[in-house]
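Participant: Build me a model from this:
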Amino acid sequence: MPPLLWRIQVIRQCKGEAALPCLRPLWKFGLVQFALGCVIAGGVLYGISASLQYFGAYLPIEHPPALGRFIKKVLIPALSISILEEWLFRGVLFGLWLKFTKPLTACIGTSLIFAAVHFLQPSGGVIISDPASSLAGFELLAKILLRFTNPQIFLADFFTIFTIGLMLALARFRTGALWFSIGLHAGWIVAFKGFGLFHRAVENNPLESWSIGDSVRSGVFPVLTLGITAVLCHFVLRCFEGEPSPVSYASR
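Facilitator: Purely as a prediction, here's the structure:
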């Protein structure tokens with residue numbers, strides 16, 4: 001990324017354009033947006049997860065992990081992953097895309113890349129015949145690409161991740177900053193990893209007929225969760241449209 005950003009600065013200077021502005025965050029608005037994003041995304045996801053526990057789809061584990069494990073497995077990944085991915089996908093990539101395309105095209109394009117990157121992983125239980133072989137990487141790549149041939153997995157996982165990316169991109173565009181999208185991203189990770197750390201799925205539970213899977217991100221569950229979150233975000237973001245933001249690439 002540093003060479004890419006340096007090259008962008010050189011190109012802008014050669015064209016006589018102003019250099020990319022330095023981020024000087026407006027902490028008052030930024031922290032409020034971040035907190036609201038966390039509360040909305042995490043609250044809706046964990047609330048519906050708790051309702052699934054009430055109906056018998058999940059049960060609390062017998063020995064809950066200690067606070068240190070929760071911080072290591074949930075809070076640290078939530079902050080680091082959300083900041084890094086939002087800066088890369090909704091900051092750099094989305095900001096560059098807006099210079100060449102319309103906002104809707106930029107949202108869809110970056111969301112497709114976001115979903116593809118997260119979808120490129122093998123299914124659970126994949127075994128490599130000879131991990132020490134020089135062709136082991138090609139065998140693993142083939143097993144990863146096989147996921148695209150399964151319509152059920154593709155539609156369920158890929159569409160869910162794409163929808164998440166689209167919501168994050170729209171939040172980035174409407175606020176002109178990354179604060180709200182980072183909050184949404186972190187809230188989802190905390191709720192998902194936190195619930196999975198303290199609960200386990202019940203086999204042959206009464207909700208299996210409703211396509212409730214072995215985690216809170218499979219089945220019809222994500223559709224309901226993202227739908228409620230999107231509606232709440234739509235009305236909350238109205239309060240921030242038109243407010244000052246650190247950097248608004250959308251207006252450049």
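Participant: Only C-alpha atoms from now on, for both contacts and neighbour counts.
Facilitator: Will do.
Participant: Mind giving me the packing neighbours of the helix or strand hosting G196?
Facilitator: Taking DSSP states H and E as the definition, G196 sits inside helix 179-198. Judged by 3 or more Cα pairs under 8 Å, 6 or more residues apart in numbering; DSSP states H and E, helix 179-198 is in contact with helix 27-54, helix 76-85, helix 159-175.
Participant: for the record, mean pLDDT for it?
Facilitator: The pLDDT scores in helix 179-198 average 92.
Participant: In the protein, which residue is most central in space?
Facilitator: The chain has H185 as the residue nearest its centroid, 4.9 Å off, counting by Cα atoms, centre = their mean.
Participant: Please tell me how far it sits from L168.
Facilitator: 8 Å (Cα to Cα, to the nearest Å).
Participant: same deal with I161?
Facilitator: In terms of Cα to Cα, I161 sits 11 Å off from L168.
Participant: Then T229?
Facilitator: If you go by Cα to Cα, the gap between T229 and L168 works out to 11 Å.
Participant: Those two: which has the busier surroundings?
Facilitator: Neighbour count, other Cα atoms under 10 Å: between T229 and L168, L168 has more, with 24 against 20.
Participant: returning to what we had before: among the helices and strands packed on helix 179-198, show me which one is buried the most.
Facilitator: helix 159-175 (a mean of 22; mean count of other Cα atoms under 10 Å).
Participant: neighbouring contacts of that one?
Facilitator: Helix 159-175 is contacted from outside by 90, 94, 103, 107-108, 110-112, 114-115, 118, 178-181, 184-185, 222-223, 226, 230, 233, 237, 240-243, 245, 248, 250, using Cα atoms under 8 Å, 6 or more residues apart in numbering.
Participant: ok, back up a step: can you check what angle separates the helix holding G196 from helix 76-85?
Facilitator: On the basis of axes from the mean of the first three to the mean of the last three Cα atoms, to 10 degrees, helix 179-198 is oriented at 150 degrees to helix 76-85.
Participant: What are the contacting residues of helix 179-198?
Facilitator: 30-31, 33-43, 45-46, 49, 60-61, 64-65, 70, 73-75, 77-79, 81-83, 86, 168-169, 171-172, 215-217.
Participant: Show me what the helix or strand just after that helix is packed up against.
Facilitator: Downstream of helix 179-198, the first helix or strand assigned by DSSP H and E is strand 199-201. Applying 3+ Cα pairs under 8 Å, 6+ apart, we find strand 199-201 packed against strand 58-60.
Participant: What average pLDDT does the strand it packs on get?
Facilitator: 82.
Participant: what lines up beside it in the sheet?
Facilitator: strand 199-201 (antiparallel) (DSSP bridges).
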